[in-house]
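1. Predicted model and sequence follow; I will ask about them next.
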Amino acid sequence: MKEHHQNRWGRIVLPTISSLVNQLMDYADAQRISHPTTFQWSDLRVGKSDLSKAFSLLSFRPADVPLLACEMYQDEWAPPDTTILHDYLVSHPEVDPSSSHSWSIVYTTGLFGLSVMPFVFGVASRVLEFCLQCAIHGSVSGYVDDMMFITLLKHSKHDICALTEVIETLLGPDALEWTKTFCALRVDWIGYTVDLTTQLVTIARHNFLKILHGFFVIDETALVTVRTLSTLAAWSSRYTTILISLTPLTSILYREFHGHTDLNHIIPVSPLGRSAIWVWRAALICLDLNESTFAAPFKSFRLSSPTYEVNYDSCLTGTGFVIREYSEVAGTGNLITIGQFPFGFDCHADSGYQNTSEFLAIVAAITALTQLGISNVTLHLVGDSITSLAWSSLERFTGVLCQRASIVYMLLATTFNIRVASVTHIPGTENVLCDRLSRYDVLRENLGYPSSSLCDCGVQSIICSMVHLCDPTNREHIITEESFLTFWSSIHVLLDQVRL
């Protein structure tokens, strides 16, 4: 049926928050090019309008109306059906309501629940968007019955008037919901809040409160329904658009109920699943208390080339990394810093710790960048560990051994807006320098680089302290909310030192 509707009425293609923000930035770029000396973000306005009653704005052909008659039984009546029937009986006193157990309701306009309606209304949305784009000075995008637009302050009154005229000409008088039509510096678009003043995107307040309640009301230590876990996973998938570094938690939450089809079935939450819930709770509170740090900058929605190249390697006893400015030719960019230090824990030559040890080099490198005052950048990783490269690029972590490291990584990346843009896997035989650094076959001081390029990796350094928090040999796994809060606070103590 869906394929038939698509073939006749066309596919439904809806904008995402990413496409909307990119549209906003493209419009801002065009204005900056047109007015290079005078353009300011405060010159822009974002707006939205909402169509009143959506589907009911479309009427069926009179000849087709009888095909839409639906039988309604009295024991199934519910508002608004009871209201409609009451009004009918009041206006037709000659009708005896007890004469029939069933009644029929006939629809003359579009209705929710009819499978074809979204596709039919999609045609109206596309026509409306095309007409509005021709009528206003700004740029517009439609999401079913919502119209979102960007314009200049000096054009905002004209564009709202033009928008109103086009909508009511096409869909009839009172088609526009005036209480939901406005233009401002901060506006909600499809569940997200877009702020021109701060150039940030966050979760719309009504959605934020719903998510916050959902993550806190669950008792993760007891049996939980599949439906509840499914809801949490769906929220995680949607809102990692804002809290990008929490992306790994989505796959963890989905794995919790993998294979279960009965939504009412109750299942226990694994230790990793509980950690995911705790991290989301903490992250949501951080987002609410410090939006300027944790909300997503406009620039984060644009695909950008890497800023820095991180070449790294680890063995079971230590790690080494080299950070350079990114260049198309690997290893040729200007040197930023070199790191080398032994782990403060004993892996007992157990190869099971190797993947986490490799990943710790990435955590250390990101910490080194933050100590240099570097933030809001993207990285290109070069290493010989397929697993650690995949963990960073796909943002999916597996196993309990990397639990601590993954939480530190996510908090570092979120706080300083540092993302992995691309990775390159090289054979171990080509990763010579970092391999020798990690094994202490060579000391970085003997490589001939200036001392200013050697980052502080002493025992008391922030880098070593951060890696120590990630200790995969620590058998005190984070299995209670109290242990998680203690661990989370320890990370923040180090982050506060980085900010000094």
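-> Perfect, I can see it now. Just so it is clear, the model here is predicted, and its values are computed rather than measured.

2. so is the residue of the chain positioned farthest from its centre in a helix, a strand, or just coil?
-> Seen from the C-alpha centroid of the chain, the residue lying at the greatest distance (CA atoms, centre = their mean) is residue 94, 59.0 Å away. Three-state call for residue 94 (DSSP: H, G, I helix; E, B strand; the rest coil): coil.

3. again, but for residue 50
-> strand.

4. From here on, call the first residue 7.
-> That works, and once the first residue is 7, the last one we named lands at residue 56.

5. Relative to residue 169, how far out is it?
-> Residue 56 sits 11 Å away from residue 169, going by CB to CB, to the nearest Å. To be clear about C-beta, it is placed using only N, CA and C from the backbone, and glycine gets the same treatment.

6. Nearest residue to residue 417 in space, please, no chain neighbours.
-> Spatial nearest neighbour of residue 417, excluding adjacent residues (CB to CB, 6 or more residues apart in numbering): residue 497 at 5.4 Å.

7. Go ahead and confirm that neighbour touches residue 413.
-> Yes - using CB atoms under 8 Å, residue 497 is in contact with residue 413, at 7.3 Å.

8. Return the residues in contact with residue 12.
-> Residues in contact with residue 12 (CB atoms under 8 Å, 6 or more residues apart in numbering) are 18, 125.

9. which residues sit in contact with the residue nearest the centre of the chain?
-> What sits nearest the mean C-alpha location of the chain, by CA atoms, centre = their mean, is residue 247, with 1.3 Å. Neighbouring residues of residue 247 by CB under 8 Å, 6+ apart: 22-24, 198, 207, 302.

10. gap between it and residue 25?
-> 11 Å.

11. Repeat that for residue 89.
-> 40 Å.

12. for residue 159, same thing?
-> For residue 159 relative to residue 25 (CB to CB), the value is 24 Å.

13. for residue 420, same thing?
-> Distance from residue 420 to residue 25, by CB to CB: 23 Å.

14. if you count what's nearby, which of these two comes out ahead?
-> Higher neighbour count among residue 420 and residue 25: residue 420, with 21 against 13, using other CB atoms under 10 Å.

15. can you dump the C-alpha coordinates of the helix or strand harbouring residue 316 into PDB?
-> In this assignment (DSSP states H and E), residue 316 forms part of strand 314-320. Extracted in PDB, the C-alpha atoms of strand 314-320 (Å, rounded to 0.1, in the frame of the first residue of the first chain):
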ATOM      1  CA  TYR A 314      44.600  17.800  13.300                       C
ATOM      2  CA  GLU A 315      46.200  14.400  12.600                       C
ATOM      3  CA  VAL A 316      46.800  12.100  15.500                       C
ATOM      4  CA  ASN A 317      49.200   9.200  14.900                       C
ATOM      5  CA  TYR A 318      49.300   6.800  17.900                       C
ATOM      6  CA  ASP A 319      50.200   3.400  19.100                       C
ATOM      7  CA  SER A 320      50.100   1.500  22.400                       C
END
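
16. What mean pLDDT does it get?
-> For strand 314-320, mean pLDDT rounds to 95.

17. Now the element after it, going C-ward?
-> strand 324-331.

18. Sheet-wise, list the partners of that next one with their directions.
-> strand 314-320 (antiparallel), strand 341-348 (antiparallel) (DSSP bridges).

19. Sort out which residues of it are buried, please.
-> 324-330 (16 or more other CB atoms under 10 Å).

20. okay, those in JSON lines with distance to residue 229 and pLDDT next?
-> What follows is the buried residues of strand 324-331, written out as JSON lines (distance: CB to CB, whole Å; pLDDT from 0 to 100):
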{"residue": "324", "distance to residue 229": "43", "pLDDT": "92"}
{"residue": "325", "distance to residue 229": "41", "pLDDT": "93"}
{"residue": "326", "distance to residue 229": "46", "pLDDT": "93"}
{"residue": "327", "distance to residue 229": "44", "pLDDT": "95"}
{"residue": "328", "distance to residue 229": "49", "pLDDT": "95"}
{"residue": "329", "distance to residue 229": "47", "pLDDT": "96"}
{"residue": "330", "distance to residue 229": "51", "pLDDT": "94"}
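
21. ok, the nearest residue to residue 15 once chain neighbours are set aside to residue 131 distance?
-> Excluding the flanking residues, the one nearest residue 15 by CB to CB, 6+ apart is residue 125, at 3.8 Å. Going from residue 125 to residue 131 by CB to CB gives 11 Å.

22. same check, this time on residue 29
-> 16 Å.

23. Residue 162 too?
-> Going from residue 162 to residue 131 by CB to CB gives 23 Å.

24. show me what contacts residue 218?
-> Here residue 218 is in contact with 290, 294 (criterion: CB under 8 Å, 6+ apart).

25. could you redo the last one with a cut-off of 6 Å?
-> Residue 218 is in contact with residue 290, counting by CB atoms under 6 Å, 6 or more residues apart in numbering.

26. Check the burial of residue 284 by counting its neighbours.
-> A count of neighbours around residue 284, defined by other CB under 10 Å, yields 22.

27. Sticking with it, tell me its helix or strand.
-> With DSSP H and E as the test, residue 284 turns up in helix 277-295.

28. Following the chain past that helix, name the next helix or strand.
-> helix 297-300.

29. Just the buried positions in that following helix, please.
-> So, applying 16+ other CB under 10 Å, buried residues of helix 297-300: residue 300.

30. Endpoint to endpoint, stretch 414-433 covers what distance?
-> Start and end residues of stretch 414-433 are separated by 28 Å (CA to CA, to the nearest Å).

31. neighbouring contacts of it?
-> 251-252, 312, 369, 372, 376, 381-388, 390, 392, 395, 398-399, 475-476, 497, 501.

32. In ChimeraX, select just the buried ones from those.
-> Only the buried entries of the contacts of stretch 414-433 go into this ChimeraX selection, using 16+ other CB under 10 Å:
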select :251,252,312,369,372,376,383,384,385,386,387,388,390,395,398,475,476,497,501
